[in-house]
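**Q** no sequence on this one, just coordinates:
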């Protein structure tokens, strides 16, 4: 076993941008363990910018045109057995979550999922929705499988260079692919583009009831901000899905992100941690949202929000 | 249709996260516990499927005896019976170890469908379901929003990223991991709570200790703050006034 194999992900003709972050993480891991960096993608390598990897594999087969966990697991298992790397690094995408745990299990290994960094011989991941960190050590005999959290590594640090591209053709049998995937679709045309909003007021579980949403809407209107929400609010139907920020919603980077009653689950933070200034109002002093906030208020949002709305209105009319 | 629902008991969301002596896990001595939220939605999905297609719902839970409170809750909500895999320190196992325990406990049940939540609130690895399907040799799909039974198979709606979805068809038996928040959770009725006391809970004590770990937690610690939030103190009125000041002079949006 030698080398760091990073698995990149395509979304149809486009690349999943988390691929480059995983590649940057793979590159750092390769450097720190003094091993070569390889990468592989299912599909062709079109648009793969040359970078400092020893070798790239494109895994091509007609049975891999649409994603299925069975197809991907069989194909990647064959590639990994042939390349025999020490580490296999994935972006922590929804697709990876669907197949990589089973792929690792075929090697008698457990995927160290959603990794945010690494230290000497350990991988760092979050516990209890981000309240604590844990160092995980790989103790298995096979390759070490890890997936990298969105935004944890910077893709712009990738060095350019020459990279040899080789085709890997797996042996696949249609009878072993048990699921039949349909075409991906979007529920409704997105009419709210939060990604271009410069001011966002976002509301979470702490709001307790649908009837309290207008209180936050009023603050957003006073500021001239878009109203957004964390997942539970949209699941409850209190605000439309298109106003959801996080891994299953939109990724935003406004000048101001004002989080009201949002505890800051990892899935939410990955969607907003690129904001320039974050202000958080939450009753729990230990809420993870304060980890990414520039300004924090610990207290009762039902008292603070109306008071803030009044202050904003006063300032605007002055 | 026989449906097994794997539920995990986890520390309640608002409980304090204190690091245990030795820093290998958290100190749960004064924690309250609850059913892992995504697993509660898996249970709800199972109960809805049973109402539509009839059959049996079996709750499956691994952990120490305190898990019996969560098992009783699942039974009170409508599960027909339960299997408790007794394990004192679930957190000392890796995913493979936990999935093997669960697989050994349900293999002979020959369920048509196994449901579980997409991830746990405590570890958040999001893979026990997928690995359980792999060990049992059945197909799976993850992050499921809707489940339709079609003859001997299933048609399920999978959530993809960025607001995209996909329908996937698969034969049964199969395993699905259920997304949180896809339905409204029912409350246990008084009648349900009463009935739960008479329902079967089969305790299983694993004979074989799981093999050597493939990964282990070396150390648990409080995250370093990269960014130190400036905390604003005072009454709500004082805090609001100071925030407005910050919005004006520092963020410059007023």
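**A** Yep, that arrived. What you see is a predicted model; the values in this text were computed from it and never measured.
**Q** contacts and neighbour counts: CA atoms only from here.
**A** Fine.
**Q** the stretch 151-300 of chain A against chain B: which residues are in contact?
**A** A:178-187, A:223, A:232, A:235-236, A:242, A:247-250, A:255-256, A:277, A:290-300 (Cα under 8 Å from any Cα of the partner chain).
**Q** hmm, 6 Å instead?
**A** A:179-182, A:184-186, A:235, A:248-249, A:291, A:293-297 (Cα under 6 Å from any Cα of the partner chain).
**Q** quick check: which ranges of the stretch 101-250 of chain A have low pLDDT?
**A** Applying pLDDT under 70 to the stretch 101-250 of chain A picks out residues A:157, A:188-190.
**Q** if we go to 80?
**A** Scanning the stretch 101-250 of chain A for pLDDT under 80 picks out A:156-163, A:187-191.
**Q** all helices for it, in order.
**A** All helices of the stretch 101-250 of chain A, identified by DSSP state H, counting those that start in this stretch, fall at A:213-223, A:231-235.
**Q** quick one on the thing from earlier: in strands only, show me the residues of the stretch 151-300 of chain A next to chain B.
**A** Secondary structure from DSSP state E places A:180, A:181, A:185, A:186, A:295, A:296, A:297 of these in strands.
**Q** what about the strands in the stretch 51-200 of chain B?
**A** Assigned by DSSP state E, counting those that start in this stretch, the strands in the stretch 51-200 of chain B fall at B:56-63, B:81-86, B:113-117, B:140-150, B:153-159, B:164-171, B:174-178.
**Q** what angle separates the first one from strand B:113-117?
**A** Yep, that's strand B:56-63 we're talking about. 50 degrees (axes from the mean of the first three to the mean of the last three Cα atoms, to 10 degrees).
**Q** show residues contacting strand B:56-63.
**A** Here strand B:56-63 makes contact (Cα atoms under 6 Å, 6 or more residues apart in numbering or on different chains) with B:2-8, B:79-88, B:90.
**Q** drop anything exposed from the residues you listed.
**A** B:2-8, B:79-87 (16 or more other Cα atoms under 10 Å in any protein chain shown).
**Q** on that earlier part again, and the residues of the stretch 151-300 of chain A next to chain B, which are buried?
**A** A:179, A:181, A:182, A:235, A:248, A:249, A:291, A:293, A:294, A:295, A:296, A:297.
**Q** any idea which of those is the one closest to residue A:114?
**A** Residue A:114 has its nearest neighbour among those in residue A:248, at 15.1 Å by Cα to Cα.
**Q** dump the residue contacts of the closest one.
**A** Counted by Cα under 6 Å, 6+ apart, residue A:248 has contacts B:161, B:162.
**Q** in a markdown table: the strands of the stretch 51-200 of chain B, plus mean pLDDT.
**A** Shown next, in a markdown table, are the strands of the stretch 51-200 of chain B (pLDDT from 0 to 100):
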| stretch | mean pLDDT |
| --- | --- |
| strand B:56-63 | 98 |
| strand B:81-86 | 98 |
| strand B:113-117 | 98 |
| strand B:140-150 | 97 |
| strand B:153-159 | 97 |
| strand B:164-171 | 96 |
| strand B:174-178 | 98 |
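**Q** neighbours around residue 206, how many?
**A** Picked chain A for this. When neighbours are defined as other Cα atoms under 10 Å in any protein chain shown, residue A:206 has 18 of them.
**Q** actually chain B
**A** 15.
**Q** so where do the strands sit in the stretch 51-200 of chain A?
**A** With strands called from DSSP E, counting those that start in this stretch, the stretch 51-200 of chain A shows them at A:55-59, A:87-91, A:112-119, A:122-127, A:132-138, A:144-148, A:164-168, A:180-181, A:185-186, A:199-203.
**Q** next one: residue A:123 relative to chain B, how far apart?
**A** 10 Å (Cα to the nearest Cα, to the nearest Å).
**Q** and that residue, how many neighbours does it have?
**A** Applying other Cα under 10 Å, we find 21 residues neighbouring residue A:123.
**Q** I figured it hits residue A:136, correct?
**A** Yes: the criterion here is Cα atoms under 6 Å, and residue A:123 meets it with residue A:136 at 5.1 Å.
**Q** what does stretch A:310-318 contact?
**A** Counting by Cα under 6 Å, 6+ apart, no residue sits against stretch A:310-318.
**Q** find the nearest non-adjacent residue to residue A:218, please.
**A** Leaving out its chain neighbours, the residue that sits closest to residue A:218 by Cα to Cα, 6 or more residues apart in numbering or on different chains is residue A:309, at 7.0 Å.
**Q** just checking, the one you found touches residue A:219?
**A** Yes: counting by Cα under 6 Å, residue A:309 touches residue A:219, with 4.9 Å between them.
**Q** so which residues on chain B come close to chain A?
**A** So chain B meets chain A at B:121-123, B:125, B:127, B:130-131, B:134, B:142, B:161-170, B:181, B:214-223, B:225, B:229-232, B:236-237, B:240 (Cα under 6 Å from any Cα).
**Q** and those, which of them are in helices?
**A** B:130, B:131, B:134, B:236, B:237, B:240 (DSSP state H).
**Q** show me just the buried residues among those.
**A** Buried among these (16+ other Cα under 10 Å): B:130, B:131, B:134, B:236, B:237, B:240.
**Q** any idea which helix or strand carries the residue nearest to the last one when sequence neighbours are not counted?
**A** The reference is to residue B:240. Closest residue to residue B:240 apart from its sequence neighbours, by Cα to Cα, 6+ apart: residue A:308 at 4.5 Å. Using DSSP states H and E, residue A:308 maps to helix A:301-317.
**Q** and residue B:40, how many neighbours?
**A** 24.
**Q** what values do phi and psi take at residue A:46?
**A** Backbone torsions of residue A:46, given as degrees, to the nearest 10, read phi -60, psi 130.
**Q** distance of it from chain B?
**A** 22 Å.
**Q** what does the pLDDT read for that residue?
**A** On pLDDT, residue A:46 comes in at 77.
**Q** next, count neighbours for it.
**A** By the measure other Cα under 10 Å, the count of residues near residue A:46 is 10.
**Q** can you check residue A:57 too?
**A** 22.
**Q** over to residue A:43?
**A** Neighbourhood size, residue A:43 [other Cα under 10 Å]: 22.
**Q** bridging residues for residue B:175?
**A** residue B:114, residue B:140 (DSSP bridges).
**Q** ok, it - contacts?
**A** With Cα under 6 Å, 6+ apart, residue B:175 has these contacts: B:113, B:114, B:115, B:133, B:140.
**Q** just give me the closest of the residues you listed to residue B:106.
**A** Distances from residue B:106 to the contacts of residue B:175, taken by Cα to Cα, are shortest for residue B:114, at 9.4 Å.
**Q** that closest one contacts residue B:1, correct?
**A** No: under the criterion of Cα under 6 Å, residue B:114 is not in contact with residue B:1, lying 10.9 Å apart.
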